[in-house]
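Participant: Using only what follows, build the 3D model:
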Amino acid sequence: QGNMAFTGKFEFEADENYDDFVKKIGLSSDKVELGRNCKIVTEVLQNGNDFTWIQHFPGGRTTTNTFTIGKEADLETMGGRKFKATVKMEDGKIVADFPNYHHTAEISGGKLVEVSSQISRLVYKKQTKPPE
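Facilitator: As a prediction, the model looks like this:
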């Protein structure tokens, strides 16, 4: 990816499994409804490894995340929750772990494609006796 590969304004076009995802990450039903029915515009400003990621929602509300690849940053989720994360670049994709989902973003065919997948947590206890 070039130095400015992500720079641009991108208008929401389509989603897959939106309702299931936002319910699994705990967004309230009013936020689910708002997100489903609005045309979000995502504006990305890239200067080398420095990014400003702005989501413009109808009605004038915006969410802005500013980060540098490889450095910890203060970020905000779709639901308004603030957290710290280190955003990485892997194979031309921006990659970040949000509090309860894994997020990637890439430019594909001139479009911004974001994929969020829920992170599952597996816990194993140590066996006290050998398996039979």
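
Participant: Just checking: what are the partner strands of the strand or helix carrying residue 106?
Facilitator: With the criterion set as DSSP states H and E, the secondary-structure element containing residue 106 is strand 101-108. According to DSSP bridges, the neighbouring strands of strand 101-108, each with its direction, are strand 93-98 (antiparallel), strand 111-118 (antiparallel).

Participant: secondary structure class for the closest residue to residue 97 other than its chain neighbours?
Facilitator: Closest residue to residue 97 apart from its sequence neighbours, by C-beta to C-beta, 6 or more residues apart in numbering: residue 85 at 5.9 Å. C-beta here means a position set from N, CA and C on the backbone, and glycine is covered the same way. With DSSP: H, G, I helix; E, B strand; the rest coil as the basis, residue 85 sits in strand.

Participant: does residue 85 have beta-bridge partners, and which?
Facilitator: In this structure, residue 85 has the following beta-bridge partners (DSSP bridges): residue 73.

Participant: Residue 9 versus that one, what's the distance?
Facilitator: Between residue 85 and residue 9 the computed distance is 24 Å (C-beta to C-beta, to the nearest Å).

Participant: Those two: who's more crowded?
Facilitator: Looking at residue 85 and residue 9 with other C-beta atoms under 10 Å, you find the greater number of neighbours at residue 85, namely 17 against 12.
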